[in-house]
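S.K.: this one's sequence-less:
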C-alpha cells in the first residue's frame, strides 16, 4: 500500500507540473488585467518547439527554444489586446486555433507523420541527495523530472515577486485600477506587456515539460486541454501562486489516479470515465468557486489612456 501511495503521489507531482507552470503564467497575465486563454496554444507550440530543438540539437536547447517561442507568441497576443485593444478572448482563441494547425502542419512537413514525432532525447531525471534515501518521501520527490523541481521553485519565486516586491505591487495595481496606477506614473501598457510575455515564458516551459519531460516525443494536440485546466487552477486558487499550486495538484491527482487504475488493471470503472476524471473535477471545482472568487477588477478590460 505504501509503495502504491508513493507511486500515486509521485505521478501526481509529474502530471501537475505543466498545470502549475501554465497557471502561474495565467496568474501574471490576469493580475495585470489581460485575460490569456491562449495558454493552451502556447503550450502546444512550446511542446513542439522543445521536441524539435531536442531532435536537432539537444533537450535543454529545446527547452530554451520553447520558452523563447512561447514569449514571442504571447507578444502577439499582447500587441493585439493591449496596443490595438482587440477582444482578448477572440485573439487568444485565434492563437489556439493557429497552434493546432501549425504544429500539425510542421509535424507532417518535418517528420512526415501527422500523428506523432519520432522519439527524442528527454531531460532525464534529477535526484536530491539525501532526500532520495528517506523512506516514502524519497520515493515521492527524491527523484523526479527536472520540471517538477523548477515548477515548485517558480511558485515560491512568483509569490515573492507578486506580493513582496514593488514590481508586484505595480502589476497588481494595474490589474485593479489602471487609471489610478497611471496617475501616479506607472506605465500601464509596459506593465501589461511584461506580464503577458511572462505568461508566454511559463506556458512555453509547461509545453516543454510535456514533450521532453513527461514524454520523449510530440503527439498531435498533446496539450489536451491542459491550458484550460491551468486557467481553472488559477481561478480555483484565487489568482495566487500557492492557491494555483494546490489546485493544480488536485487536478494532477485525478490524472494520476486514472493512470494508476489502468496500471493496476482496475476494470470495475470503465476506462473512459477514468480519462474524464480530470475534466469533470475541473468543472465541479469551477462550479463551486466561480461567483465566490474575485478576479482583478480590470481583468479583460483594455486600457485607454486619457488625453490631457
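M.R.: Everything's here; your move. Computed from a predicted structure; not experimentally measured.
S.K.: show residues contacting the helix or strand harbouring residue 233.
M.R.: Using DSSP states H and E, residue 233 sits within helix 226-236. Identification of contacts with helix 226-236 by Cβ atoms under 8 Å, 6 or more residues apart in numbering yields 18-23, 25-27, 30, 37-44, 96, 203, 206, 210, 243-244, 247-248, 250-251, 278-279, 282, 285-286, 289-290, 293, 295. Backbone N, C-alpha and C define where each C-beta goes, glycine included.
S.K.: same thing with stretch 181-191?
M.R.: So stretch 181-191 is contacted by 32, 82, 83, 170, 171, 173, 174, 178, 303, 305 (Cβ under 8 Å, 6+ apart).
S.K.: ok, then the element right after the helix holding residue 233?
M.R.: The first helix or strand that comes after helix 226-236 along the chain, using DSSP H and E, is helix 241-263.
S.K.: just checking, what packs against that following helix?
M.R.: For helix 241-263, the packing partners by 3 or more Cβ pairs under 8 Å, 6 or more residues apart in numbering; DSSP states H and E come out as helix 2-31, helix 146-164, helix 226-236, helix 271-289.
S.K.: need the winner for burial among those helices.
M.R.: Stretch with highest mean neighbour count among the helices and strands packed on helix 241-263: helix 226-236 (a mean of 27; mean count of other Cβ atoms under 10 Å).
S.K.: tilt between that one and helix 271-289?
M.R.: Relative orientation of helix 226-236 versus helix 271-289 (axes from the mean of the first three to the mean of the last three Cα atoms, to 10 degrees): 30 degrees.
S.K.: from here on, call the first residue 3.
M.R.: I'll keep to 3 as the first residue from here, and by that count the last item is helix 228-238.
S.K.: low-confidence stretches in the chain?
M.R.: Applying pLDDT under 70 to the chain picks out residues 264-271, 273, 290-294, 308-310.
S.K.: could you redo the last one with a cut-off of 90?
M.R.: Within the chain, the segments meeting pLDDT under 90 span 3-7, 9, 114-117, 226, 238, 256-297, 306-310.
S.K.: related to what we said a few turns ago, just the buried members of the contacts of stretch 183-193?
M.R.: Among the contacts of stretch 183-193, those classed as buried by neighbour count (16 or more other Cβ atoms under 10 Å) are 34, 84, 172, 173, 175, 176, 180, 305.
S.K.: what strand or helix carries the nearest residue to the first one once chain neighbours are set aside?
M.R.: In space, and not counting its chain neighbours, residue 34 is closest to residue 197: 3.6 Å by Cβ to Cβ, 6 or more residues apart in numbering. Of the helices and strands defined by DSSP H and E, residue 197 is found in helix 190-211.
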